[in-house]
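S.K.: I'd like to go over a predicted model; first the sequence, then the structure.
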Amino acid sequence: MNEALAAVDLGASGGRVVVGRVGPDELRIRTAHRFPNRPVRTRDGLHWNVLELYREMCAGIAQAVREESGLAGVAVDSWAVDYALLRGGRVLGMPHHYRDDRNAAAVPDVHEVVGPDELYELNGLQHLPFNTTFQLAAERRTGMLELADRLLLLPDLFAYWLTGEQVAERTNASTTGLLDVRTGEWSAELLDRLGLKPELLPPLISPGERIGAVTDDVAAELGASLPVTAVGSHDTASAVVAVPAADEEFAYISCGTWSLVGVETDRPVLSERGRAANFTNERGIDGRIRYLHNVMGLWLLTESVAHWSRTDPSVSLEPLLAEAAEVPTERVPVFDADDPRFLPPGDMPARIAEWLTEHDQPVPGTRGEFVRCVLESIAEAYAASVDQLERLTGRSISTVHVVGGGCQNTLLCRLTAERTGRTVISGPVEATASGNILVQARTAGLFTGSLEAMRDLVRRTSELRRYNP
Ligand code: LFR
């Protein structure tokens, strides 16, 4: 027993291959291979470099195979909504990045056929202009959709390249806008009305099911024949598995490029108030629902720093955070972190300044003040979302668990405790990889128990930090 498992975790700015070991009292995670994820802009928009990502993940898995005796399997997770179109098993064109601006223009194409209220009634999703439904409307304008005979979400594309099996993992499929929110199956009605062929979509598979073994040629490349398992292939679904909650009075913030602020429910919440507040019903592990809202999150900060570094290569985040920590809260203006103008890549400081000026607020004078303004605005958006979650679900929330890379931003965690007025517990940093490994471990028989038992194990084995309001 106590074999190792590999998790491929792809994020918007970087990917990694992580090795985990799970036992009754053990959850150990280490990174075997880390690589950048560099989107490429070409004449037809912003794309993911899926070939480079696949090469890097295979190199990472091969390294894990060399370093571990008897690696027992692998699973892939990534951000949601993005996909490749295929014909006869071959990818057509380069998959687009959800931040490409083709989507906004295509939103009316969908809403003309199925209005926003009705769409929500059928799929239960918050309106995000990059939901797959809208991306496919953009695709239709180019004629690519007609050529395709299959759509694979990105983690499913990588699983297909590894195993030859075409499936749609359910947690990620729930972000497309094409799943029926009540049944968790592809919505025949939506497909019909949107003019999408049902055969375009592969059969659904739930986290914990085996996808298949890697093909012989892949096994030769990796140095081992491995089973590939479906986990919460939507990174947020895997992260929510590893929220170290001790009771039910909690909200989570899965904090990476995005901040997903939500609770877990047994069934979808489909109120008009929830729709108006832009809360979404995504699927989780073991049939749970992730009822959450997307807050723009640390993207605002990383994109600001990226902008400054273009002209001043000496800029780096750590000293700016130290400066930001010294700025008194009273002096800091706050903007609406959810404003759609912040979605595309570009000059974030100018857009934030523009928002503040439009709303008669002072523009920060120094970069340190700017960083503080961004973090206060994110924390304020968290506070609004947590309050709304209480109202929309009727639950009381006493603890906010911050998981993912953003836990390391201690200033943001402190501001989150202040602005939400709740206890913040940060950690684990490796929530997504932990969730990926735990679900694989259960399938492999290395761990038995419920989602709550997984959370209990995470709580006992992770470094957590507490911030009082
Ligand atoms: C986080 C995430 C969010 C999703 C966004 C775009 O990494 O998966 O849950 O809304 O990326 O796919």
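M.R.: Nice, I can see it. All values derive from a computational prediction rather than experimental measurement.
S.K.: From here on, just use CA atoms for contacts and neighbour counts.
M.R.: Fine.
S.K.: If I look at the closest residue to the ligand within the stretch 301-450 of the chain, what pLDDT would I see?
M.R.: Residue nearest to the ligand within the stretch 301-450 of the chain: Thr432 (9.6 Å; Cα to the nearest ligand atom). The model reports Thr432 with a pLDDT of 98.
S.K.: show me the contacts for it.
M.R.: Asp9, Asp235, Thr236, Ala237, Ser238, Ala239, Val240, Val241, Ala242, Gly404 (Cα atoms under 8 Å, 6 or more residues apart in numbering).
S.K.: nearest residue to the last one other than its sequence neighbours?
M.R.: Spatial nearest neighbour of Gly404, excluding adjacent residues (Cα to Cα, 6 or more residues apart in numbering): Val429 at 4.3 Å.
S.K.: And that neighbour, how far from Ala245?
M.R.: 15 Å (Cα to Cα, to the nearest Å).
S.K.: follow-up on the earlier one: do I have it right that the residue nearest to Gly404 meets Gly435?
M.R.: No. Using Cα atoms under 8 Å, Val429 makes no contact with Gly435, being 11.5 Å away.
S.K.: quick one on the thing from earlier: and the residue nearest to Gly404, that's in a helix?
M.R.: No. Val429: not assigned to a helix; according to DSSP: H, G, I helix; E, B strand; the rest coil it is coil.
S.K.: re earlier: what values do phi and psi take at the residue of the stretch 301-450 of the chain closest to the ligand?
M.R.: Backbone torsions for Thr432, taken as degrees, to the nearest 10, come to phi -60, psi -50.
S.K.: helix or strand for the closest residue to it other than its chain neighbours, which one?
M.R.: Nearest residue to Thr432, sequence neighbours excluded (Cα to Cα, 6+ apart): Ala239, at 3.9 Å. For Ala239, the element it lies in under DSSP states H and E is helix 235-241.
S.K.: Tell me the neighbouring strands of the helix or strand following that helix, and mark each as parallel or antiparallel.
M.R.: The element immediately downstream of helix 235-241 (helix or strand, assigned by DSSP H and E) is strand 250-255. Here strand 250-255 is paired, per DSSP bridges, with strand 259-265 (antiparallel), strand 399-403 (parallel).
S.K.: Switch those strands over to TSV; also include mean neighbour count.
M.R.: Formatted as TSV, the strands paired with strand 250-255 follow (neighbours: other Cα atoms under 10 Å):
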stretch	mean neighbour count
strand 259-265	23
strand 399-403	28
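S.K.: Could you point out which of those sits nearest Leu446?
M.R.: strand 399-403 (24.0 Å; Cα to Cα).
S.K.: does the ligand sit close to that closest one?
M.R.: No. Under the criterion of Cα under 6 Å from any ligand atom, strand 399-403 makes no contact with the ligand; the nearest approach is 12.1 Å.
S.K.: average pLDDT for whatever helix or strand comes next after that strand?
M.R.: Using DSSP H and E, the helix or strand that follows strand 399-403 in sequence is helix 410-420. In this model, helix 410-420 has an average pLDDT of 98.
S.K.: Val429 and Gly435: who's more crowded?
M.R.: Gly435 (30 against 23; other Cα atoms under 10 Å).
S.K.: Next one, pLDDT for the residue in the stretch 251-400 of the chain that the ligand sits nearest to please.
M.R.: Minimum separation of the stretch 251-400 of the chain from the ligand (Cα to the nearest ligand atom) falls at Trp258, amounting to 5.3 Å. Looking at Trp258, its pLDDT reads 98.
S.K.: Please apply the same query to Val305.
M.R.: 97.
S.K.: Same check on Met1?
M.R.: 47.
S.K.: What is the burial count for Thr31?
M.R.: Here the count is done by other Cα under 10 Å, and Thr31 has 17 residues near it.
S.K.: got the contact list for it?
M.R.: Taking Cα under 8 Å, 6+ apart as the definition, contacts of Thr31 comprise Arg16, Val17, Val18, Val19.
S.K.: In a helix, the second one, correct?
M.R.: No. When three-state DSSP is applied, Val17 is found to be strand, with no helix at that position.
S.K.: how about the helix ranked longest in the chain: buried residues?
M.R.: For the chain, the helix with the greatest residue count under DSSP state H is helix 367-393. With burial defined by 16 or more other Cα atoms under 10 Å, the residues of helix 367-393 counted as buried are 367-383, 385-386, 388-389, 392.
S.K.: Adding distance to Arg455, write the strands paired with strand 250-255 out as CSV.
M.R.: Formatted as CSV, those follow (distance: least, Cα to Cα, whole Å):
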stretch, distance to Arg455
strand 259-265, 13
strand 399-403, 12
